[in-house]
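In: Pasting the sequence and the predicted model now:
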Amino acid sequence: MQEMVPELDDLKRKSIFNEDEIRQIVKRRRDFEYGMQRNPAKHQDFLNYIQYEVAVECLRSRRSKALHWRKKTISDFAGFRRMHIIFDRGVRKFKGDMRMWYQYIDFCLRSGSTKVLSRVLLRALKFHPREVHLWLLAADTELKCGHIKAARTLLVRALRFAPKSAKLWGEFLRLEVRVACHLQAVRDSPEGLEQSTPTANAWAPGRLLFRRGLAKMSCSPSACAAFLAQAIHCLKEAQSEPSSGEGLSEWAAEVRAALAQWRPGVAEGEDWLDASDETATSLWELWWNHELECGSSWRSVADAAATSAPAVVLRHLASTLTAAAVKGASADEQTDDETAAAVLATLAGKPRAAIDAETVIGLLEELERCAEEASHASDSDKRLVQKASRALLERAVAEHPKNARIALLSWSAAAGKSKGKRPPMPPSKADSMQSEEAVAMLLLATPATMQADGDGDAQALQRQRSLETSLRNLAPSVAPGTLVTAHVAEALARGGAQALQEACSDVRAVAGKLWDMPERRAMMLAAALEAELRCWSMSTLAVAASKMLKQAKALTDRFEELLGLLSDDDPEKEDWWIRYVQFVQGALRSGDGVGSGLPSVTDLNWRAMRSVADQARYADKAQRVLQAHSGSGA
């Protein structure tokens, strides 16, 4: 604290701060000093102190400029010195805290303290030798000062602690490539040409580093992908220079060979068999982009991918070809005589295109997108794509007969070709579908059902068959409520209350056939009853009282059937008993004799108490719900 007396005197002399402000600064600094002396110390105490000093320094700088002080005095340097001291005390106290080290390094970079930065980085590396970013910062600092040899030494030492770091190898390779480019430019200059003594190949260190780095990361596909991406970037940077030298073409050949060798599906080893989808896609995309730049054709790329690439790579390649076909490259951008659309059709015809169901579906989607969006493609290419799509779909149905999505696509295609005729139904033993797929299948069947030949009974049978097929194809964990709701909603939108009743009749008829699936049967009846209850008031507004009574009795029968299927320990049974009581109360309250012939509320409550497992819970639920219902009705 005593060391800041000359600084404060200087600030007072220059009229930057008055006596009250200086007294306040001293008080705040004393509080911060006491805070940093506590045991245990806190990381935030140091940061708060530094934040305060930054604010004071900014205020001092603004006032000094406003007062036009040009001569530098002790107060102009004391603020930064004090912040360096606080950071130094912080990193000594928290040696293992990387946040504190990085904040100190960031402060040195922002304040332009280059000499201090070098010392801080070396101290940080002493405690954290495996922190790759610290080594890279230290090497970059030496490079900015023009110390290439020191940067090399730091990177070599870094590789001893992190020998499989793709980032370190890639930055070391970038350094060597830039040095080689500079050295080759010097040799090709007039001064260099005058030298008669032969010199070594400038690209030899970079080539050696590339081979060693690739050998170190051959067991890690993700690290290999990152290193090869950096190598390609360095190669393009070197090839863009006017002076390249003899060794560059040889290194380019080595890079091309490495890209061809280290790909999932080509490289050998368990690590490459377990490579992630993202890594596999990245490596294959690096390879084919480089091959295309070297003059290869899309045809050769597709042939190689269809031979050994993983399924995810085939889907990504199909997406790339579709994007190229939609873009419509000009003639001088074409890499071969064949268009991207034609190559996509050829890829879909390869045997491995149907390697799994997901790949088939992905390729079919890309073929459809290409046929619809590729406006630049010729008619012959579009016909070729459509033909390939039909052929792939036929193969997929044969090789994956139990896949629901493929069955849906096949059925949709058949419905499109039937032109109003009844299309064949999809197989009923398909793999489990999710609710959205089943809904799509059901809605696709509806137009054909409405156009089917025959009377109303034939149409009803066709609707029930479509609904039953979709329900049986649902995954065991998927509730049928969404499917039933879609069926009822479509009927209501198409034909009103009459179609709604027919749709609910279809649901009950299909539920009666699901004797082997009692839980799903109960869920279906619950979903149908839910739909009827929601539309009860709407469907009875404009009908006679006798018809309302008939509908109310029918709904009570639905309640009785559903409650008979639900087990006593099912909490939903309690809720449905309460819904039953509410419905009867509403019917009695509507008047016009609608409630005559319906069971009494007291009777229903007594039956519910005898049929549920937890009577106390039911009584509590019923009391709360019925009180709220009666209050809202009043």
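Out: Arrived safely.
In: isn't His487 right up against Val510?
Out: No. Using C-beta atoms under 8 Å, His487 makes no contact with Val510, being 9.4 Å away. (Each C-beta comes from the backbone N, C-alpha and C, glycine too.)
In: which one of these two has more residues nearby?
Out: His487 (28 against 25; other C-beta atoms under 10 Å).
In: Could you identify the longest helix within this protein?
Out: helix 481-513 (DSSP state H).
In: what's the angle from the helix or strand following it to helix 481-513?
Out: Downstream of helix 481-513, the first helix or strand assigned by DSSP states H and E is helix 518-534. Angle of helix 518-534 versus helix 481-513, following axes from the mean of the first three to the mean of the last three C-alpha atoms, to 10 degrees, is 120 degrees.
In: i'd like the first residue to be 46 from this point on
Out: I'll keep to 46 as the first residue from here, and by that count the last item is helix 563-579.
In: Could you pull out the buried residues of helix 563-579?
Out: 565-578 (16 or more other C-beta atoms under 10 Å).
In: What average pLDDT does that helix get?
Out: Averaged across helix 563-579, the pLDDT comes to 79.
In: One more: stretch 653-669?
Out: Mean per-residue pLDDT for stretch 653-669: 80.
In: Can you list the buried residues in that stretch?
Out: In stretch 653-669, counting by 16+ other C-beta under 10 Å, buried: 653, 656-657, 663, 666-667.
In: So which elements touch the longest helix of the chain?
Out: Judged by 3 or more C-beta pairs under 8 Å, 6 or more residues apart in numbering; DSSP states H and E, helix 526-558 is in contact with helix 480-495, helix 501-517, helix 563-579, helix 581-584.
In: mind running it again at 10 Å?
Out: Secondary-structure packing of helix 526-558 (3 or more C-beta pairs under 10 Å, 6 or more residues apart in numbering; DSSP states H and E): helix 480-495, helix 501-517, helix 563-579, helix 581-584, helix 590-610.
In: one step back: which neighbours do His532 and Val555 share?
Out: Residues within reach of His532 and of Val555 at once, by C-beta atoms under 10 Å, 6 or more residues apart in numbering, are 508, 511-512, 515-516, 525, 573.
In: and the residue lying closest to Ala576 once chain neighbours are set aside, what does it touch?
Out: Leaving aside its chain neighbours, Ala576 sits nearest to Val533 (4.3 Å; criterion: C-beta to C-beta, 6 or more residues apart in numbering). Neighbouring residues of Val533 by C-beta under 10 Å, 6+ apart: 544-549, 551-552, 572-573, 575-577, 579-580.
In: one more time with 8 Å
Out: Residues near Val533 by C-beta atoms under 8 Å, 6 or more residues apart in numbering: 545, 548-549, 552, 572-573, 576.
In: Over to Val201?
Out: With contacts defined as C-beta under 8 Å, 6+ apart, Val201 has no neighbours.
In: tell me the pLDDT at Val311?
Out: Reported pLDDT for Val311: 89.
In: what about it, neighbour count?
Out: Val311: 16 neighbours (other C-beta under 10 Å).
In: Point me to the helix or strand that includes it.
Out: Per DSSP H and E: nothing holds Val311, as it lies in no helix or strand.
In: Nothing else from me, thank you.
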